[in-house]
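**Q** what's the 3D shape of this:
(2 chains)
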Number of protein chains: 2
Amino acid sequence: MALPLIDVHTHMYLPRYVALLRERQQVPRIVSRAKGDRLIILPDEEADGSTSAGRPIGSEFYEVSRKLAFMDQHGIAVSVVSSANPWIDFVEPAEAPALAAQLNEDLESICAASNGRLYGFGVLALQRPETCAAELKRIAGLPHMRGIIIGSAGRGRGLDDPDFEPIWKAAADLDLFVFIHPHYGIGHSLFPDTGHALLLALGFTFETSIAVSLLILRGVLERHPALKLLIAHAGGTLPYLAGRLDSCVKNDISKDFGLSKPPSHYLHQCWFDAIAYHAPALAALTAFADPAKIMFGTDHPFFRPHVTDDVLDKTTWPSPEENLAALSAMSPEVQKAIAYENGLKAFGIALP
Amino acid sequence: MALPLIDVHTHMYLPRYVALLRERQQVPRIVSRAKGDRLIILPDEEADGSTSAGRPIGSEFYEVSRKLAFMDQHGIAVSVVSSANPWIDFVEPAEAPALAAQLNEDLESICAASNGRLYGFGVLALQRPETCAAELKRIAGLPHMRGIIIGSAGRGRGLDDPDFEPIWKAAADLDLFVFIHPHYGIGHSLFPDTGHALLLALGFTFETSIAVSLLILRGVLERHPALKLLIAHAGGTLPYLAGRLDSCVKNDISKDFGLSKPPSHYLHQCWFDAIAYHAPALAALTAFADPAKIMFGTDHPFFRPHVTDDVLDKTTWPSPEENLAALSAMSPEVQKAIAYENGLKAFGIALP
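**A** Numbers count the residues shown, from 1 in each chain, chains lettered A, B, ... in the order given. Alright, predicted model coming up:
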């Protein structure tokens, strides 16, 4: 019998946010085309004036019924839903805190109406870091919210931005998860004419890896050992590179970071989704990380299957299929832990 | 009893090259300081006017006796020595082909005098790609040379530079290894004030990963299935990201690369050093790659231990120590294969 699943990496563009994207004249935005709406979110896509710029966006990105249909199709009992990138990065600082609060209320309402199927990660107005601790406190009071999602680039100065210190402190004090997720990618200029493939496969994971490494090297995880970071896409590259990172830090004669432990010690404090896409990577992740801190995820509704809209909700999507195949190579205990047990404990929830 | 070791990732600056670096007034160069010579090879280091810019360079970088002392200290029977980065990237195009040939002859001479302890990977004048096939043919005629080392950046246009096609064809036809190694790194601007640590841990491995991915996506490994690529630093990040790369390529609706197989198929054609620094990564590498195509390496003389020069040759270095510790967690068969058996077969050599 298939294991129940809790999906900790699954996105929605909330209706209020979709309306905002439709109004905009520059990236990120949603444009209407004869063949359907297109979502244009990456900086490189803005320069593409063709009608096929960006990617198709249908209601699977913003309607709760479509999220639930996807969950039913794939045996997902509970989803912890987060807004998708680029979140509210582009919003004027004066408007961002109120919008963040509205979006968090929107998500809470959706989850509250879901009969225990949906929980949420909220957003913060990073362009106004002095407002974030208060918003975190408000989020902690919303019954279905379990943390926040935050872009690896922060407000453009990285996550080791000194102004973010109150965010880490508040999240740790309030026992809220901080889900670290890439958006901008790095290395674009080195791989022209590769579609989205290398940006997503490499640029995204590199972005996350740099951000988390800086959080560690600047002492954020030493100062806040209770902080629960959830690192997207199986930790980017860090579970593989952790030993090299330890060695490079220890043997660097040009810089002493003043940490009491090697970087991997702080990585062991972190949580990871299991979006590893093949068994060797998932095996490395389970060998490296705390086995209680790895949780199933899908990245829905990105990476849609190549089918027409009418059959989309009845089709198996590649990410859950590939990540469940990787999971099936693990021991039965690890499979159960990653599939749902770790998620139940982490978020203090029951299967619906 | 300790296993014999063959080290496939170990560098020298040949004396002719050191003399060249001493003459130069800009990066890369060697400068004399009161406390000893300094090697300045990274672009960022040139801006550092302090007397501690770059890193100390002693004769362990260029004297054969020091390489042999390191090998004896660590139980390394045979080393396949390559020039260290940035090779001859900076040399005027008119002078580069002759210099490459001279350096390859220098290395052959050193190996020939070593009683079977040393073999070599030569260099090519990438700034004159039309000369490289002929030089490869010459290298194939040198009894102790087993291939070439090539920087991931190529001549600054990546390794998927169309002008490099004759290099891949010649290397495949001549059964020479192509050792792909980073130098420039990527992401520098994102991690200021981190010494060399993140550049080496992340920037280097990201550079390699992008270069090899492009070789695959542009069809080089499909056109040349016999090409023997040896990918530095345990494949950078690719053994971890291979599943994600496959998925991102397969599901990218914006680009069809026209490959007959997923990217991981071509990665399985590749060889990897075992410089993984911790057991989870080495386990992922051995689970992912062809077990006959993983070989021990040290990255000597980089990452020196924090000891004074007088005891350096009698000190255990961190990279072999950490990588042997990772290896010791593998099965006895895998340990033997990686330690020396794969190397003996790959290079057609005997233990001295």
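**Q** Name the residues linked to the residue positioned nearest the centre of chain A by a beta bridge.
**A** The centroid of chain A falls nearest to A:His181 when counting by Cα atoms, centre = their mean (4.1 Å). Beta bridges link A:His181 to A:Gly151 when assigned by DSSP bridges.
**Q** Which per-residue confidence value corresponds to it?
**A** Looking at A:His181, its pLDDT stands at 98.
**Q** can you pull the contacts of it?
**A** Under the criterion of Cβ atoms under 8 Å, 6 or more residues apart in numbering or on different chains, the contact list for A:His181 reads A:Ser82, A:Asn85, A:Ile149, A:Ile150, A:Gly151, A:Ser152, A:Thr208, A:Ala232. Every C-beta, even on glycine, is put in place using the N, C-alpha and C of the backbone.
**Q** mind showing which ranges of the stretch 1-150 of chain A have poor pLDDT?
**A** A:1, A:49, A:51 (pLDDT under 70).
**Q** For the residue in it that chain B sits nearest to, what are phi and psi?
**A** Here the stretch 1-150 of chain A gets closest to chain B at one residue, A:Arg55, 6.8 Å apart by Cβ to the nearest Cβ. Dihedral angles of A:Arg55 (phi, psi; degrees, to the nearest 10) stand at phi -140, psi 160.
**Q** Show me the helices in the stretch 101-250 of chain A, by range?
**A** Taking DSSP state H, counting those that start in this stretch as the test, the helices found in the stretch 101-250 of chain A are A:132-140, A:165-174, A:197-198, A:204-217, A:220-223, A:232-235, A:238-250.
**Q** Name the residues linked to A:Phe121 by a beta bridge.
**A** The partner residues for A:Phe121, given DSSP bridges, come to A:Ser82, A:Gly147.
**Q** So what's the residue count around it?
**A** Neighbourhood size, A:Phe121 [other Cβ atoms under 10 Å in any protein chain shown]: 27.
**Q** try the one 5 residues further on
**A** Neighbour count for A:Leu126, taken as other Cβ under 10 Å: 26.
**Q** check contacts around it.
**A** Counting by Cβ under 8 Å, 6+ apart, A:Leu126 has contacts A:Asp89, A:Ala96, A:Cys132, A:Ile150, A:Gly151, A:Gly154, A:Arg155, A:Phe164.
**Q** got it, and A:Ala350?
**A** A:Gly116, A:Leu344.
**Q** SS state for it?
**A** Put simply, A:Ala350 is coil when judged by DSSP: H, G, I helix; E, B strand; the rest coil.
**Q** Tell me how far it lies from A:Tyr119.
**A** Distance of A:Ala350 to A:Tyr119, given as Cβ to Cβ, to the nearest Å: 11 Å.
**Q** go on, A:Glu322?
**A** Taking Cβ to Cβ, one finds A:Glu322 at 24 Å from A:Tyr119.
**Q** So which of the two has more stuff around it?
**A** The neighbour comparison of A:Glu322 against A:Tyr119 (other Cβ under 10 Å) goes to A:Tyr119, with 24 against 21.
**Q** That one touches A:Ala77, doesn't it?
**A** No - using Cβ atoms under 8 Å, A:Tyr119 is not in contact with A:Ala77; the gap is 11.4 Å.
**Q** residues contacting the residue of the stretch 1-150 of chain A closest to chain B?
**A** With Cβ under 8 Å, 6+ apart, A:Arg55 has these contacts: A:Arg38, A:Leu39, A:His196, B:Ile253, B:Ser254.
**Q** and the residues you listed, which of them are in strands?
**A** Using DSSP state E, A:Arg38, A:Leu39 are the members of those that sit in strands.
**Q** In the contacts of A:Arg55, find the pair that's most separated.
**A** The two members of the contacts of A:Arg55 with the most space between them (Cβ to Cβ) are A:Arg38 and A:His196, at 13.3 Å.
**Q** For the stretch 51-200 of chain A, what lies in contact range of chain B?
**A** Counting by Cβ under 8 Å from any Cβ of the partner chain, the stretch 51-200 of chain A comes close to chain B at A:52, A:55-56, A:158, A:186-187, A:190-191, A:193-198, A:200.
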